[in-house]
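[1] take a look and give me a structure for this.
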Amino acid sequence: MITRRFLLAVSLLLFFAMGRGQEEEGKERLRTGPALAMSEARAGHTATLLPDGRVLIAGGFQPSRRSHESAYLATAELFDPRTRRFTTTGSMNFPRAGHAAALLPNGFVLVAGGFSTMGTLSSAEIFDPVAGTFTPIGNMHARRGGLTATPLPDGSVLLAGGGDKEPGATAEIFDPTTKKFRATASMIFPRSEHSAVSLPGGLVLITGGASRRETVLADAEIFDPRQEQFLRTGTMATPRYKHASRVLQNGDVLVFGGSSSSVSSSPLASVERYDAASGRFLPMQPLRHSHAKLAGAVAAIPGDLYLIAGGDAAIELYAGGEQRSVVLGTLDRPYAYTTATILKGDSVLIAGGCDDSFRSIRTAWIWKKSPP
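    Residues are numbered from 1 along each chain as shown. Here you go, the predicted structure:
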């Protein structure tokens, strides 16, 4: 049965400029307003919610003006939801895309790894939101593109996988007190473009990703920060990478979309739930559309609701409890490598992305609840 909470959430508003929200069978038409514009076009960036409510947008890529290859960005900007404006801030010391970012206990942001014209990066830096500057802090123990950075209960950060020429299994831990990286146990499987989420109690669930010889994994594993070990857990029904994982209120995990192949376009609509108590993956009702390359484009809204805003033109709202998805609107075309960030007040910032030709966009949108 559809709950009142779910029906209320369906009345969220999408503000975008590419056209009017399109009505699907039995769905409301969405009202529109002016789009927002970032300082420059970008995709494959990171978006980190700061303690003061602003969002740090860092790095990414855009088409090169000199060649058919992508140009990697060192630039960064801040979105202020009070003014609804993006403003430039200090640039990173290294241009990067496909990197990872994690909020530290002191409100600073760790940015590490990624891809660049210089190759895969091992460098890391810290953003100071008061000074608006990035400070280099040395290198990780390995070059990592397509890695994950997951905060641990003691304030440190687990950096896992990613790779240079091939995905790696190594992992390391960043200590924000010493600003140093130290090696920890290796994962069971080499992987990049995987997903990692913190579970209640401090464990980290790692799912999927591309492994060696272009294999896409269905395997999952658990990192135990007390023992600093990776442990086997259940296997997903579907191999997937460049997917998204988000934690439910009861501590289980939903795994959304992604691709089942690293060498062809094989987008997925399937959803699985990781049962934290049994360590098993269970099938859920799928999304209405297939969504690939959406790792940063799923925003968790209180009440086990999830806004899926990447990898397809459709914007969907998925209710974890009801196992039901509603298409809220459709953009003019699919955008991949975008980000969706929950803001204070449960609105969502959707920023950037690229189309099928890897043309990045400056456009950003705001989802928010309808006025009463």
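
[2] the strands in the stretch 251-372 of the chain, which residues?
    For the stretch 251-372 of the chain, the strands defined by DSSP state E, counting those that start in this stretch cover 253-256, 271-275, 280-284, 298-301, 305-308, 312-319, 324-335, 339-342, 348-351, 363-368.

[3] so which residue is dead centre in the chain?
    By Cα atoms, centre = their mean, the chain has its centre lying nearest to residue 296, at 1.7 Å.

[4] show the contacting residues for it.
    46, 47, 244, 310, 337, 338, 339, 340 (Cβ atoms under 8 Å, 6 or more residues apart in numbering). (C-beta placed from N, C-alpha, C; glycine too.)

[5] measure it to residue 349 for me?
    Look at residue 296 and residue 349: by Cβ to Cβ, to the nearest Å, they are 11 Å apart.

[6] what do the two both touch?
    Common neighbours of residue 296 and residue 349 (criterion: Cβ under 8 Å, 6+ apart): 47, 339, 340.

[7] the first one contacts residue 348, doesn't it?
    No - taking Cβ atoms under 8 Å as the definition, residue 47 is not a contact partner of residue 348, at 10.7 Å.

[8] between those two, what contacts are shared?
    340, 341.

[9] against residue 62, how distant is residue 149?
    Distance from residue 149 to residue 62, by Cβ to Cβ: 23 Å.

[10] ah, wrong one, I meant residue 186
    Note on residue 186: its distance to residue 62, by Cβ to Cβ, is 35 Å.

[11] more neighbours: these two, which one.
    The residue with more neighbours, out of residue 186 and residue 62, is residue 62; 24 against 16, by other Cβ atoms under 10 Å.

[12] partner residues bridging the more buried one?
    residue 71 (DSSP bridges).

[13] and the pLDDT for it?
    The model reports residue 62 with a pLDDT of 93.

[14] any idea how far it lies from residue 204?
    Distance from residue 62 to residue 204, by Cβ to Cβ: 32 Å.

[15] for residue 148, same thing?
    From residue 148 over to residue 204 the distance is 9 Å, taken as Cβ to Cβ.

[16] residue 305 touches residue 320, doesn't it?
    Yes - at 7.3 Å, residue 305 counts as touching residue 320 under the criterion of Cβ under 8 Å.

[17] low-scoring stretches of the protein, by residue?
    1-34, 64-69, 263-264, 369-372 (pLDDT under 70).

[18] helices of that one, start to end?
    Secondary structure of the chain (DSSP state H): helices at 4-10.

[19] please identify the buried residues of stretch 212-226?
    Of all the residues in stretch 212-226, those buried under the rule 16 or more other Cβ atoms under 10 Å are 215, 216, 217, 218, 219, 220, 221, 222, 223, 225.

[20] of the residues you listed, which is the nearest to residue 135?
    The nearest member of these to residue 135, counting by Cβ to Cβ, is residue 225 at 25.9 Å.

[21] right, and the closest one touches residue 199 too?
    No - counting by Cβ under 8 Å, residue 225 does not reach residue 199; the two are 10.8 Å apart.

[22] where's the closest residue to residue 342 other than its chain neighbours relative to residue 239, distance?
    In space, residue 342 comes closest to residue 299 once its chain neighbours are excluded; the distance is 4.7 Å by Cβ to Cβ, 6 or more residues apart in numbering. Residue 299 sits 25 Å away from residue 239 when distances are taken as Cβ to Cβ.
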